[in-house]
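# here's my sequence, what's the structure:
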Amino acid sequence: MTRRDTVLAVLLRKAQWALDDTAHDLPAGRCTDAD
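Sure thing, here's the model as predicted:
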């Protein structure tokens, strides 16, 4: 992997974490019983 690919991977991972945090904050934002 090139340095650019690594940076993009990190950004995507952080974005996914942010989305997960937002979903947990929303009341029944997602209809999943993963937890």
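# can you show me the helices along the chain?
3-25 (DSSP state H).
# middle-most residue in it, spatially?
With distances taken as Cα atoms, centre = their mean, the residue of the chain nearest its centroid is Gln16 (1.2 Å).
# any stretches of this protein with poor pLDDT?
Applying pLDDT under 70 to the chain picks out residues 26-35.
# need the contact list for the residue nearest to the centre of the chain.
The neighbours of Gln16, taking Cβ atoms under 8 Å, 6 or more residues apart in numbering as the test, come to nothing; the list is empty. Just so you know, the C-beta spots here come from the backbone N, C-alpha and C atoms, and that holds for glycine as well.
# please report how far it lies from Ala23.
Note on Gln16: its distance to Ala23, by Cβ to Cβ, to the nearest Å, is 11 Å.
# just Val7 next, same as before
Using Cβ to Cβ, one obtains 25 Å as the distance from Val7 to Ala23.
# how about Thr2?
Taking Cβ to Cβ as the measure, Thr2 falls 31 Å from Ala23.
# more crowded one of these two?
Looking at Thr2 and Ala23 with other Cβ atoms under 10 Å, you find the greater number of neighbours at Ala23, namely 12 against 7.
# what count of nearby residues applies to Met1?
Applying other Cβ under 10 Å, we find 8 other residues in the vicinity of Met1.
# look up the closest residue to it, ignoring the ones flanking it.
Using Cβ to Cβ, 6 or more residues apart in numbering and skipping the chain neighbours, the partner closest in space to Met1 is Ala9 (7.5 Å).
# count of neighbours near the one you found?
The number of residues packed near Ala9 is 11, by other Cβ under 10 Å.
# try the one 3 residues further on
When neighbours are defined as other Cβ under 10 Å, Leu12 has 10 of them.
# same deal with Thr22?
Thr22 has 10 neighbours, counted by other Cβ under 10 Å.
# repeat for Val10
The burial metric for Val10, expressed as a neighbour count using other Cβ under 10 Å, is 10.
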